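Participant: take a look and give me a structure for this.
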Amino acid sequence: MDIITQAALGGAIAQGGFKSHQRRGVAFGAFCGIVPDLDSLLSIGDRWQGLVTHRGSSHSLLILPLLAIPLGWLGWRLLGRRGHVGNWIHLAFWALITHPLLDLCTTYGTQLFAPLSNTRFALDTVAIIDPFFSLPIFVALFVGFRAASWPDKASRWARRTLIWGLTYLLVQLIWTRANDHVFRERLATAGFEAEAIRTPVPVLWPVIRHAVAHDKDGRIAVSKQVLWAPERDPILVLKPDDSPRIRSVLASPRGRIWTWFADGMVGIETREDGTIILSDHRYGLYSDKTYSFFKAELPPSSPVYQLEMVRPSRSRKNFNLGQEWLSGWQLISQD
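Facilitator: Purely as a prediction, here's the structure:
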């Protein structure tokens, strides 16, 4: 999830389970909570490298438990050597390990077993930003800050918040799996033989799912799905463009990275001027289910190895928060 929530989660773990460390422990837990995302620094100057390394080894369940040992010792040493060093290692472990487990609940994909495997796991449980999960944690930390002289009260608030967060994630996971089942039935009825399906959570409305699938021919099926009225938004099937140049792009190193990153949900189109556009259809807007925040393009005169990602400032220029909120509400509430 977003880095602020990850820091808050690490701080809440310290506040709820390591109250004797008090404010220093909360600060240390928050720091440990963001350590895995420092891998973003590796992508400076090379955004394609960022797709490969982000949520890679720094998010691995094989590496983070080992990292907790020196990191916990360093926290104990720099923050006054309070308590037993083992408690600081224990805190570092939980603040570190919950980071990839929370990222696992999103759609982006997390390489839990890197560097032994580059398989990316995603449960499609929550959006990258979800106030229903994050805000209670912020409130608990605020209460803990104000009630620093009463550590029992601060600890109770944090523990209740962590229980709420876990419960919310479990409910959302069940909701996602139910949407998977319904979407698969809808596709079968429509005669679309899906090789893989996903029902990620868009921002703003966690009861709605962005349902997407691909078949063996590379066609993409998309729909915004409300579980109690799944036919409310019809399934749209997108047929990818095809040409020798497109096949060369997809076979290039960057093309293979894109297909891997998008988990096969790749949209392919050619503009009138010959520019090739690759899209990641795991994401979409309520107002436009074919829209993608993640795109790459290749101008007609460029060699295939110069496929470039579209900068976020360009790919998100049509995003209107108010319009998305209204479109989502209409999808939920219409008769």
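Participant: going forward, measure contacts between C-alpha atoms and count neighbours the same way
Facilitator: Will do.
Participant: what segments of this protein are helices?
Facilitator: Assigned by DSSP state H, the chain shows helices spanning 3-17, 22-34, 47-53, 64-78, 85-104, 131-146, 151-190, 244-251, 253-261, 312-315, 321-333.
Participant: tilt between the first one and helix 22-34?
Facilitator: For helix 3-17 against helix 22-34, the angle by axes from the mean of the first three to the mean of the last three CA atoms, to 10 degrees is 140 degrees.
Participant: follow-up on the earlier one: can you list the helices of the chain in a markdown table and add mean pLDDT, distance to Thr290 and mean neighbour count?
Facilitator: Compiled in a markdown table, these are given as follows (pLDDT from 0 to 100; distance: least, CA to CA, whole Å; neighbours: other CA atoms under 10 Å):
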| stretch | mean pLDDT | distance to Thr290 | mean neighbour count |
| --- | --- | --- | --- |
| helix 3-17 | 95 | 27 | 26 |
| helix 22-34 | 92 | 32 | 24 |
| helix 47-53 | 89 | 22 | 17 |
| helix 64-78 | 95 | 37 | 18 |
| helix 85-104 | 96 | 24 | 23 |
| helix 131-146 | 91 | 25 | 19 |
| helix 151-190 | 94 | 17 | 17 |
| helix 244-251 | 95 | 20 | 15 |
| helix 253-261 | 95 | 17 | 18 |
| helix 312-315 | 58 | 13 | 12 |
| helix 321-333 | 88 | 14 | 14 |
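Participant: which one of those lies nearest to Ser287?
Facilitator: Set against Ser287 and scored by CA to CA, these come closest in helix 321-333, at 5.8 Å.
Participant: list the contacts of that closest one.
Facilitator: Applying CA atoms under 8 Å, 6 or more residues apart in numbering, the contact partners of helix 321-333 are Leu204, Trp205, Ile208, Val226, Arg232, Asp233, Leu285, Tyr286, Ser287.
Participant: now those in JSON lines, with pLDDT, neighbour count and distance to Leu102?
Facilitator: Listed next are those as JSON lines, based on pLDDT from 0 to 100; neighbours: other CA atoms under 10 Å; distance: CA to CA, whole Å:
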{"residue": "Leu204", "pLDDT": "87", "neighbour count": "18", "distance to Leu102": "18"}
{"residue": "Trp205", "pLDDT": "91", "neighbour count": "17", "distance to Leu102": "19"}
{"residue": "Ile208", "pLDDT": "95", "neighbour count": "25", "distance to Leu102": "20"}
{"residue": "Val226", "pLDDT": "94", "neighbour count": "20", "distance to Leu102": "24"}
{"residue": "Arg232", "pLDDT": "91", "neighbour count": "16", "distance to Leu102": "31"}
{"residue": "Asp233", "pLDDT": "93", "neighbour count": "14", "distance to Leu102": "30"}
{"residue": "Leu285", "pLDDT": "88", "neighbour count": "21", "distance to Leu102": "23"}
{"residue": "Tyr286", "pLDDT": "88", "neighbour count": "25", "distance to Leu102": "24"}
{"residue": "Ser287", "pLDDT": "86", "neighbour count": "17", "distance to Leu102": "28"}
